[in-house]
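Chemist: I'll drop the sequence and a predicted model, then ask my questions.
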Amino acid sequence: MSTTIVQLTGIAGVLITLTAVWLQWTLPGHIARLEDKLKDGRLNAKQVEQRIRWTQLAPIVCTLLGTCLLFGAVLRALGR
């Protein structure tokens, strides 16, 4: 049972970390689309600012969460 938890935690950590990489990689495109929506008048400046802030924060949060899950899996595998 414990081995399964370690494996699942490790897999979740890897998947979340890979998601963070993808989010960071596609960040410029997301920001460009938000700026286009601002130019088109579909969003106002405040909405764009808030969405850009969340878009920039998401990769950081995913990286930290993935790292914590991987670290927890290693500690559990080592029996600590």
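Modeler: That came in fine, so what should we check first?

Chemist: Mind checking the pLDDT average for the helix ranked longest in the chain?
Modeler: Of all the segments of type helix in the chain, defined by DSSP state H, the longest one is helix 2-40. The predicted model assigns helix 2-40 a mean pLDDT of 96.

Chemist: Which other helices and strands does it contact?
Modeler: Packed against helix 2-40 by the contact rule (3 or more Cβ pairs under 8 Å, 6 or more residues apart in numbering; DSSP states H and E) you find helix 45-78. (C-beta placed from N, C-alpha, C; glycine too.)

Chemist: Would you mark the buried spots in the longest helix of the chain?
Modeler: Going by neighbour count (16 or more other Cβ atoms under 10 Å), the buried part of helix 2-40 is Val6, Thr9, Gly10, Ala12, Gly13, Ile16, Thr17, Thr19, Ala20, Leu23, Leu34, Leu38.

Chemist: Tell me how far the fourth one lies from Leu23.
Modeler: So that's Ala12. When distances are taken as Cβ to Cβ, to the nearest Å, Ala12 and Leu23 turn out to be 16 Å apart.

Chemist: what's near enough to touch the residue most central in space within the chain?
Modeler: By Cα atoms, centre = their mean, the chain has its centre lying nearest to Cys62, at 3.0 Å. With contacts taken as Cβ atoms under 8 Å, 6 or more residues apart in numbering, Cys62 has the following neighbours: Ile16, Thr17, Thr19, Ala20, Leu23.

Chemist: what about 7 Å?
Modeler: Ile16, Thr19, Ala20, Leu23 (Cβ atoms under 7 Å, 6 or more residues apart in numbering).
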